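In: sequence first, then the predicted structure:
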Amino acid sequence: MNKAILVFQTDFTYKEGAVSSMYGVVKSVDRDLEIFDSTHEIPNYDIYSASFRLFQPLKFWPKGTVFVSVVDPGVGTFRKASIAYTENGYYIVTPDNGTLTHVDKIYGIKKIVEIDTNKHRLTGFGTETISVFHGRDIFAYCGAKLASGQVKFEEFGQEYDVKDIVRFDIIEPEIKGNLIIGTAEIIDPNFGNLWTNIPISNLSDVLEKKVLVKIYDENHKVVFEEYIKVHKTFGDVLKGEITIYQNEYGNIAIAINQGSFIKKYQVPYGANIKIEILK
Amino acid sequence: MNKAILVFQTDFTYKEGAVSSMYGVVKSVDRDLEIFDSTHEIPNYDIYSASFRLFQPLKFWPKGTVFVSVVDPGVGTFRKASIAYTENGYYIVTPDNGTLTHVDKIYGIKKIVEIDTNKHRLTGFGTETISVFHGRDIFAYCGAKLASGQVKFEEFGQEYDVKDIVRFDIIEPEIKGNLIIGTAEIIDPNFGNLWTNIPISNLSDVLEKKVLVKIYDENHKVVFEEYIKVHKTFGDVLKGEITIYQNEYGNIAIAINQGSFIKKYQVPYGANIKIEILK
Amino acid sequence: MNKAILVFQTDFTYKEGAVSSMYGVVKSVDRDLEIFDSTHEIPNYDIYSASFRLFQPLKFWPKGTVFVSVVDPGVGTFRKASIAYTENGYYIVTPDNGTLTHVDKIYGIKKIVEIDTNKHRLTGFGTETISVFHGRDIFAYCGAKLASGQVKFEEFGQEYDVKDIVRFDIIEPEIKGNLIIGTAEIIDPNFGNLWTNIPISNLSDVLEKKVLVKIYDENHKVVFEEYIKVHKTFGDVLKGEITIYQNEYGNIAIAINQGSFIKKYQVPYGANIKIEILK
């Protein structure tokens, strides 16, 4: 009987009226829908970060939740407006521009449809000829129609092959003896930590020991190189000390306790930023 | 049976407890009320921006929605605390200090009452003698009473003439042959675009051509002058290129694709900032 | 029949997926729960600010509201994860690290239990061995269980003596003839005002007169010393003028009208920042 929850992420911020316009559209479609902000502070146009932030909280929401992601530098050009259904039971309404990469890699996408935007688009508000705000006119609108049950997944348009989803290439974690290779996957912009895509279990034999960490920029140049101690919990780390720790979803991360690693070292992050850890 | 939705905008930010105090008051008036943030990041004391931001998302919300706007540099002095009812069916609870300008101009205000704050004010929380936070003690409180149906529009106080509403003077778009004159109305502070109050239809004869754009500051000095191409969609614009495009509600706007026009050119905006476009 | 509202405050910001993960957990515990942001912009690791921000809006929310506070620099070390029940009828789920200071001082805490985190912790999401995000795995989870009525206050763990709650020492306001001594308690980071813990009633005999204000840093050095006029309302203050006024909960505060006192003078604030006012 409960309708699906809508969870939004964008790069719009709350500084102006864009989020409010989208949420107004949702409540105009169906007054009973519940809406949550996931984040509206994705760095502008940063599809890669959108992909990671979509994955990060996803599984903690109830099955059936409808995520709407609008980081859409290609708005008004050719890129599919799509709805994905994941193997673990969530819906994602998003431009198919790379945003689905992490969710597809980690949970798998079962089915995807391209929204027929001639049929499924906000009408009656005088925005029919406007091409710059699909967040309001297509994504929020279709998300609401789906969450409310007014339009079913299959009815939004043509299904297409999940193999055709636009994806980033992500460096897979790789073990070569004492050397572990992975990606400097993302940052925590608030606490200033760097997260990798390497499970912490790879360091269980060197707890309380130091390992050599190297980070390479996209031109394969070493931009960070330091010995860092692997701590079991943050409680063992001195204030201001650099540390390797287990982040909130079980991977290797680097922090300065009560400081900011990313501010101090200004290292890059992303799909093509390689990190090497030598035990 | 549904009670009205409450939508808030302020210049309070979420950095401290002011928004939480207001929303607590709402839920204490009526536990069933739904509350949405429109924005709490109006620039401090900027009534003009409040007026624009109130208009921007308004029509996308369901009819009957109660907007509460608290940008109130005159709190505790003489300015009316009012509730407006718009021609298109929305309520707005706000200090009558200019905030109603855009909504009145674009949709029209049908009726307005001055809240009798001796009768309609939060009591029982020890804030009766406090004059600095009408957002909590009057506007949120009365918004909640109205949205819940506990007090009807007419019961809040004396109706007054809509002609007496405080308004900004806004330069009307004007066509003089090949010259179009209007206002540099507002910015998108996130994506860095400048929006005008001139409908894009005025440029339909010069698509894919360049026009001369001049912006004047409030002292009538030219602060920007450049030829800019009119693009049909963003998709045709190169990264870093300056462009004229149709913004989200159909007007002429200026952007740098994936850059920030307002950061680069530092142009002013507002009711008295004139823009001229020569075809 | 209504379930309790959940109100969150953290130092996580909305920049990444942490808040979304917590709220997802809440809705997974009980789909019917209502969640509000109080603030997610407590300065990083600042337990003292957390304590003040918890107090500030609390009493405006309906009795029975469950507050969840996660400013937790000691996560993963020894500090109790607790649930307090206040004398005025609210629940607070928080690390017992000083966050309860103001609420205890002002409203009183009636009972407190230490959460048995072996029994009451998120399971089934693969986060059982993760020690860095108790906001998600313990505080949001237990807050939701409490608000939904699935687990009762007493069932979360061992009750302990309220005298054992971790507290800051706060300088009490003190009157010595014409000299009033108190704390530069907190700032309004948005409008740039400084708030003290001294009731404004102490200045009722010097309205419209100037008083001498001195602020001492934690090393007892005078960092601010100026004569400031006590204004009855903000309406009497010129733009740019420094003023003493009555803040939103009845105490002495210092502002520059439409300016920022804290930016201009860069004064510190906190439990051990003394302010003296000489009439």
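Out: That came through, no problem. A quick note: this is a predicted structure, and the numbers were derived from the prediction, not measured.

In: ok, and the closest non-adjacent residue to the residue in the stretch 151-279 of chain A that chain B sits nearest to?
Out: Closest to chain B within the stretch 151-279 of chain A is A:Asn190: 13.7 Å, counting by Cβ to the nearest Cβ. Where you see a C-beta, it was placed from the backbone N, CA and C, and this is true even at glycine. Nearest non-adjacent residue to A:Asn190, counting by Cβ to Cβ, 6 or more residues apart in numbering or on different chains: C:Thr13, 4.4 Å away.

In: and for that neighbour, the neighbour number?
Out: Counted with other Cβ atoms under 10 Å in any protein chain shown, the neighbours of C:Thr13 add up to 20.

In: then A:Gly74?
Out: As a burial measure, A:Gly74 scores 16 neighbours (other Cβ under 10 Å).

In: which residues touch it?
Out: With contact taken as Cβ atoms under 8 Å, 6 or more residues apart in numbering or on different chains, A:Gly74 is in contact with A:95, A:97, B:235.

In: isn't the second one right next to A:Asp72, touching?
Out: To tie it back to what came earlier, the one meant is A:Asn97. Yes: using Cβ atoms under 8 Å as the test, A:Asn97 is close enough to A:Asp72 to be in contact (7.0 Å).

In: which one of those two is surrounded by more residues?
Out: In terms of neighbours (other Cβ under 10 Å), A:Asp72 is the more surrounded of A:Asn97 and A:Asp72; the figures are 26 against 22.

In: flag every residue of the stretch 51-200 of chain A that's near chain C.
Out: A:53, A:56-62, A:65, A:188-191 (Cβ under 8 Å from any Cβ of the partner chain).

In: go with 7 Å
Out: The interface of the stretch 51-200 of chain A toward chain C, taken as Cβ under 7 Å from any Cβ of the partner chain, is made up of A:53, A:56-57, A:59-62, A:188-191.

In: not counting its neighbours along the chain, what's nearest A:Phe55?
Out: With Cβ to Cβ, 6+ apart as the measure, A:His102 is the residue that lies nearest to A:Phe55, at 3.7 Å, once sequence neighbours are left out.

In: helix or strand right after the helix or strand that contains the one you found?
Out: Element membership for A:His102 (DSSP states H and E) is helix A:101-106. Sequence-wise, the next helix or strand downstream of helix A:101-106 (DSSP H and E) is strand A:109-114.

In: so what touches that following strand?
Out: Judged by Cβ atoms under 7 Å, 6 or more residues apart in numbering or on different chains, the contacts made with strand A:109-114 from elsewhere in the structure are A:80-87, A:100, A:103, A:153-154, A:156-160, A:162, A:165.

In: just checking, which of the residues of the stretch 51-200 of chain A next to chain C belong to helices?
Out: Residues of these located in helices (DSSP state H): A:53, A:56-57.

In: export these to TSV and append columns for distance to B:Lys279.
Out: What follows is those, written out as TSV (distance: Cβ to Cβ, whole Å):
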residue	distance to B:Lys279
A:Arg53	43
A:Gln56	49
A:Pro57	49
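
In: where in chain A is pLDDT low?
Out: Scanning chain A for pLDDT under 70 picks out the ranges A:1.

In: of all the residues in the strand ranked longest in it, which ones are buried?
Out: Of all the elements of type strand in chain A, the one with the most residues (DSSP state E) is strand A:179-188. By neighbour count on 16 or more other Cβ atoms under 10 Å in any protein chain shown, the buried set for strand A:179-188 is A:180-188.

In: swap in stretch A:117-128?
Out: A:117, A:120-122, A:125, A:127.

In: does chain B sit close to it?
Out: Yes: contact between stretch A:117-128 and chain B is present through A:Phe125 (criterion: Cβ under 7 Å from any Cβ).

In: residues contacting A:Trp195?
Out: For A:Trp195, the set of contacting residues under the criterion of Cβ under 7 Å, 6+ apart consists of A:185-188, A:247, A:251, A:253.

In: tell me the two of these that are most distant?
Out: Using Cβ to Cβ, these span at most 13.0 Å, a distance reached by A:Ile187 and A:Asn251.

In: coming back round to it: neighbours around the residue nearest to A:Phe55, how many?
Out: Under the criterion other Cβ under 10 Å, the count of neighbours that A:His102 has is 25.

In: from memory it sits against A:Ser49, does it?
Out: No: because the distance of 10.2 Å does not satisfy Cβ atoms under 7 Å, A:His102 is recorded as not touching A:Ser49.

In: count the neighbours of A:Gly270 for me.
Out: A:Gly270 is flanked by 18 other residues according to other Cβ under 10 Å.

In: likewise A:Gln9?
Out: Using other Cβ under 10 Å, the number of residues around A:Gln9 comes to 26.

In: same deal with A:Val132?
Out: Residues contacting A:Val132 under the criterion other Cβ under 10 Å number 22.

In: check contacts around it.
Out: With contacts taken as Cβ under 7 Å, 6+ apart, A:Val132 has the following neighbours: A:75-76, B:234, B:245-248.

In: in helices, which of those fall?
Out: Assigned to helices by DSSP H, none of those qualify.

In: wouldn't A:Ser131 be in contact with B:Thr233 here?
Out: Yes: A:Ser131 sits in contact with B:Thr233 when judged by Cβ under 7 Å, with a separation of 5.1 Å.
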